[in-house]
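>>> After the sequence you'll find the predicted model.
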Amino acid sequence: MKFLCLFFFDAVAARPSATASHILVKTAAECEKLKGDLASGADFAELAREHSLCPSGKKGGDLGNFEQGRMVREFEKVVFHRYKRLGEVHGCVETKFG
């Protein structure tokens, strides 16, 4: 299993799309530690470059812009949840891909 520490930047209401970054790690414990580091003021992009197992880590975890329906369900539940605040770290999300 792999876990994501997800940072959600922006959402566009006209046609559901979003811009997000993530840090892909192997364990929930590692994800929780990174979440704590972020809460203490660590730079998300720098942590992604240092810790992410995903190729997007080289870009600071940036996944770019994507429309709803393009990512796995667990990921989209967080990204497109209407009560999530923009620009906040949303914690650990487990998917079959990481």
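Thanks, I have the structure now. Numbering: from 1, shown residues only.
>>> What pLDDT is listed against the closest residue in space to Ser17 that isn't next to it in sequence?
Distance criterion Cβ to Cβ, 6 or more residues apart in numbering; nearest residue to Ser17, sequence neighbours excluded, is Glu67 at 4.6 Å. C-beta here means a position set from N, CA and C on the backbone, and glycine is covered the same way. Listed pLDDT for Glu67 reads 88.
>>> How about Ala48: what's its closest non-neighbour residue?
In space, Ala48 is closest to Gly61, 3.1 Å off (Cβ to Cβ, 6+ apart).
>>> average pLDDT for the helix ranked longest in the chain?
The longest helix of the chain (DSSP state H) is helix 28-39. For helix 28-39, the mean per-residue pLDDT is 92.
>>> what's the following helix or strand after it?
Per DSSP states H and E, the first helix or strand lying C-terminal to helix 28-39 is helix 44-51.
>>> what helix or strand does Val89 sit in?
Using DSSP H and E, Val89 sits within strand 88-95.
>>> related to what we said a few turns ago, distance of the residue nearest to Ser17 from Gly87?
Separation of Glu67 from Gly87 (Cβ to Cβ, to the nearest Å) stands at 20 Å.
>>> So those two - more neighbours on which side?
A count of neighbours by other Cβ atoms under 10 Å puts Glu67 above the other of Glu67 and Gly87, at 12 against 8.
>>> Pretty sure the more buried one sits against Val79.
No: using Cβ atoms under 8 Å, Glu67 makes no contact with Val79, being 10.8 Å away.
>>> Roughly how far does Ala18 sit from Thr27?
26 Å.
>>> ok, these two, which is more surrounded?
Taking other Cβ under 10 Å, Ala18 and Thr27 do not tie; Ala18 has more neighbours (23 against 12).
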